[in-house]
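K.L.:
Need the 3D shape of this:
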Amino acid sequence: MQRLTNACVILATAVTIGAPSLARADGYVSPWIGMHAVDRNDDGRGTFGVTAGYMGGGVFGFEGDVGYSSNFFGPSQIGEGHAVNVMGNFILGVPIGGDDGAGVRPFVTGGLGVLRTHIDAGRLVNASLTSNDLAYDVGAGMMGFFSDHFGVRGEVRYLRTLEDGNRGSGVDFEAGRLRFWRATAGVTFR
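P.N.:
Sure, this is the predicted structure:
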């Protein structure tokens, strides 16, 4: 009987020590502000939005990104315009210092979504043009946490539309003409 008890204790200890630790899900919301630039000669204009995501096991996850850029096309003789992006991304980030408490998480992200642009040409004629285009984005950045629930996030992201070569015959997965860089910073709550 003693051997059976010892064997059960050894087996229970081995299972407890050898069992993987529970994967902890890490959800976050990060409101941000930043600047976007359409080309090299662009001095940049303001943008703001929010990114919310979920990291399963602390390394892989997904996030949604919504951004609004007023005066998107800059000073224009045609009129004023804005852009809204709604993106769904995969994210890969390695937590340095663990998932809990203070630490940093460098990350890369990328995905697909919609880029909606609108220009109001009211200065010349009473007309406006709105376009909804399939787009992709790729980016990199870092999240730094001061505690279990509060931190900061900074990133640089490249967004570009996918062009429909024959308008109306489906999406052609070639790079489109509309593209821009965005640099953002914000607080992060998890």
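
K.L.:
Could you name the helices and strands sitting against the helix or strand hosting His82?
P.N.:
Following DSSP states H and E, one finds His82 within strand 80-93. Contact here means 3 or more C-beta pairs under 8 Å, 6 or more residues apart in numbering; DSSP states H and E; on that basis strand 80-93 packs against strand 45-56, strand 60-70, strand 103-120, strand 128-145. The C-beta positions use only the backbone N, C-alpha and C, and glycine is treated the same way.

K.L.:
chain center to that strand: distance?
P.N.:
Counting by C-alpha atoms, centre = their mean, to the nearest Å, strand 80-93 is centred 7 Å from the centre of its parent chain.

K.L.:
How about stretch 57-66?
P.N.:
When distances are taken as C-alpha atoms, centre = their mean, stretch 57-66 is centred 8 Å away from the chain's centroid.

K.L.:
Render the CA-only coordinates of it in PDB, please.
P.N.:
The C-alpha coordinates for stretch 57-66 follow below in PDB (Å, rounded to 0.1, in the frame of the first residue of the first chain):
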ATOM      1  CA  GLY A  57      -0.600  33.300 -24.800                       C
ATOM      2  CA  GLY A  58       1.200  36.600 -24.900                       C
ATOM      3  CA  VAL A  59       2.800  36.300 -28.300                       C
ATOM      4  CA  PHE A  60       0.300  35.900 -31.200                       C
ATOM      5  CA  GLY A  61      -2.900  37.800 -31.500                       C
ATOM      6  CA  PHE A  62      -5.200  40.000 -33.600                       C
ATOM      7  CA  GLU A  63      -6.200  43.600 -33.400                       C
ATOM      8  CA  GLY A  64      -8.600  46.100 -35.000                       C
ATOM      9  CA  ASP A  65      -7.500  49.500 -35.900                       C
ATOM     10  CA  VAL A  66      -9.700  52.500 -36.700                       C
END
